[in-house]
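K.L.:
The sequence isn't on hand, but the structure is:
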């Protein structure tokens with residue numbers, strides 16, 4: 001009887017233990033189920049955050065204010081080129097210094113600096129009282145010559161009739177030749193300075209003449225004022241014809257073997273380095289500058305540019321081989337923690353435009369462009385920010401500090 005009680009007691013203990021174990025397992029399973037659901041929700045939230053990470057959103061007002069501009073990757077030759085410097089020059093026949101052919105006082109200036117003038121255009125009027133004396137001398141000499149011509153005919157007749165001596169005829173012939181030469185000289189003098197040649201005593205004498213442009217071009221400089229007294233040695237105007245403007249480049253001795261006629265080159269003015277223009281080598285100097293150890297290479301612009309003037313300094317790149325690389329303007333590339341990034345248009349959401357940051361590996365740099373190799377594939381129609389990228393980088397940094405993407409209102 002005692003043994004039976006013990007057995008029943010052991011069964012009760014085992015049953016209680018099993019119930020406790022099952023209840024424990026049931027409680028733990030419930031906890032795991034709750035944790036798994038929480039983890040799933042957290043993963044989903046992190047996934048959404050990943051999708052938003054690196055995006056910067058701007059509204060239309062912000063886009064206007066920062067003057068954001070889009071562009072695309074361009075193919076440019078930034079590697080296989082020879083860097084040279086030079087200056088814009090004109091051939092001697094396409095520039096003229098205008099001086100007075102006779103001294104006098106400037107009474108009027110008819111042109112302004114920068115004005116276009118044709119050959120023969122009056123530049124200034126000049127006064128000189130001596131002009132009247134020259135015209136008077138011409139008429140007097142002309143009258144004297146008329147008398148000597150008659151006297152010469154009379155003396156020849158007398159000598160033929162042996163009434164007068166040959167010596168008298170020789171004297172008249174000499175006087176006639178001198179007067180004739182003087183008349184021609186005075187006529188040339190009047191024509192040279194632009195004065196009218198008087199026909200007879202009824203002609204009106206003038207003390208004024210004009211200075212005319214010898215070529216068609218632009219008035220580059222006026223070096224006188226109204227009322228100035230000028231001499232024949234003084235330069236009064238400078239006229240230039242920019243139509244044949246070309247580039248004189250300095251190429252050092254070691255680079256001469258790489259230069260040939262017909263080569264293409266790119267150049268920009270030092271005063272405006274962002275405007276890149278094209279030219280072509282048309283002549284190579286044959287004389288070496290002993291001091292610089294260099295020669296002059298002449299290149300002609302492909303198209304005329306009104307902003308290009310003689311004397312301007314240029315930076316040029318002579319293209320040795322056509323090796324184009326994907327490139328973007330310098331302003332399109334930003335820096336973050338030592339890495340280079342560009343911003344591309346991701347999507348439009350109502351009044352907001354979202355931009356994505358893309359890392360690039362930079363390469364060669366020249367003429368304000370940088371070779372870029374994006375670390376993700378970009379399609380040909382991908383819109384890249386080429387102006388305003390630094391503002392977008394600053395906005396993305398704000399987003400990082402606040403945790404999450406930047407969404408400006």
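P.N.:
Received the coordinates, thanks. Note that the structure is predicted; figures quoted are calculated from it, not measured.

K.L.:
what's the single longest strand in the chain?
P.N.:
The longest strand of the chain (DSSP state E) is strand 352-366.

K.L.:
Below-threshold pLDDT in the stretch 301-409 of the chain: ranges please.
P.N.:
Applying pLDDT under 70 to the stretch 301-409 of the chain flags residues 306, 322, 399-409.

K.L.:
any idea whether residue 280 is helix, strand or coil?
P.N.:
Following DSSP: H, G, I helix; E, B strand; the rest coil, the label given to residue 280 is strand.

K.L.:
for it, what are its contacts?
P.N.:
Contacts of residue 280 were listed using Cβ atoms under 8 Å, 6 or more residues apart in numbering, and they are 262-265, 299-300, 302. Every C-beta, even on glycine, is put in place using the N, C-alpha and C of the backbone.

K.L.:
Just the pLDDT for it.
P.N.:
Looking at residue 280, its pLDDT is 92.

K.L.:
Residue 42 now?
P.N.:
For residue 42, pLDDT reads 44.

K.L.:
Below-threshold pLDDT in this structure: ranges please.
P.N.:
1-54, 78-79, 306, 322, 399-409.

K.L.:
which among the contacts of residue 280 gets closest to residue 97?
P.N.:
Using Cβ to Cβ, residue 300 is the member of the contacts of residue 280 that sits closest to residue 97, with 23.9 Å.

K.L.:
Residue 279 is in contact with that closest one, correct?
P.N.:
Yes: Residue 300 lies in contact with residue 279 (Cβ atoms under 8 Å); the separation is 6.1 Å.

K.L.:
between those two, which one's more packed in?
P.N.:
Neighbour count, other Cβ atoms under 10 Å: between residue 300 and residue 279, residue 279 has more, with 23 against 13.

K.L.:
Report the beta-bridge partners for the more buried one.
P.N.:
Taking DSSP bridges as the rule, residue 279 bridges to residue 265, residue 301.

K.L.:
Tabulate the contacts of residue 280 (a markdown table), appending distance to residue 185.
P.N.:
Shown next, in a markdown table, are these (distance: Cβ to Cβ, whole Å):
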| residue | distance to residue 185 |
| --- | --- |
| 262 | 53 |
| 263 | 55 |
| 264 | 56 |
| 265 | 54 |
| 299 | 48 |
| 300 | 45 |
| 302 | 51 |
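
K.L.:
Just the buried subset of the residues you listed, please.
P.N.:
For the contacts of residue 280, a neighbour count by 16 or more other Cβ atoms under 10 Å gives the buried set as 263-265, 299.

K.L.:
Tell me which residues touch residue 226, please.
P.N.:
Neighbouring residues of residue 226 by Cβ under 8 Å, 6+ apart: 106-109.

K.L.:
sec struct for it, please.
P.N.:
Assignment for residue 226 (three-state DSSP): coil.

K.L.:
Same check on residue 254?
P.N.:
When classified by three-state DSSP, residue 254 comes out as helix.

K.L.:
follow-up on the earlier one: just curious, which of the contacts of residue 280 is nearest to residue 170?
P.N.:
Distances from residue 170 to those, taken by Cβ to Cβ, are shortest for residue 300, at 64.1 Å.

K.L.:
on that earlier part again, which element follows the longest strand of the chain toward the C-terminus?
P.N.:
Next helix or strand after strand 352-366 toward the C-terminus (DSSP states H and E): strand 369-374.

K.L.:
Which other helices and strands does that following strand contact?
P.N.:
Packing partners of strand 369-374 (3 or more Cβ pairs under 8 Å, 6 or more residues apart in numbering; DSSP states H and E): strand 324-329, strand 339-349, strand 352-366.

K.L.:
Residue 231: what's it in contact with?
P.N.:
The contact partners of residue 231, taken as Cβ under 8 Å, 6+ apart, are 100, 103.

K.L.:
same check, this time on residue 196
P.N.:
Residues in contact with residue 196 (Cβ under 8 Å, 6+ apart) are 135, 190, 203, 206.

K.L.:
for residue 239, helix, strand, or coil?
P.N.:
In three-state terms, and counting by three-state DSSP, residue 239 is strand.

K.L.:
Could you give the bridge partners of it?
P.N.:
Beta-bridge partners, per DSSP bridges, of residue 239: residue 96, residue 219.

K.L.:
I'd guessed it sits against residue 221; true?
P.N.:
No: counting by Cβ under 8 Å, residue 221 is not a contact partner of residue 239; they are 9.0 Å apart.

K.L.:
So between the two, which is more surrounded?
P.N.:
Per other Cβ under 10 Å, whichever of residue 239 and residue 221 has more neighbours is residue 239, with 24 against 13.

K.L.:
how close does the more buried one sit to residue 368?
P.N.:
Going from residue 239 to residue 368 by Cβ to Cβ, to the nearest Å gives 35 Å.

K.L.:
same thing with residue 328?
P.N.:
Between residue 328 and residue 368 the computed distance is 10 Å (Cβ to Cβ).

K.L.:
excluding its backbone neighbours, what's nearest residue 268?
P.N.:
Once flanking residues are discounted, residue 268 sits nearest to residue 276: 5.2 Å by Cβ to Cβ, 6 or more residues apart in numbering.

K.L.:
mind listing what the one you found touches?
P.N.:
By Cβ under 8 Å, 6+ apart, the residues touching residue 276 are 266-268, 367-368.

K.L.:
Great, nothing more from me.
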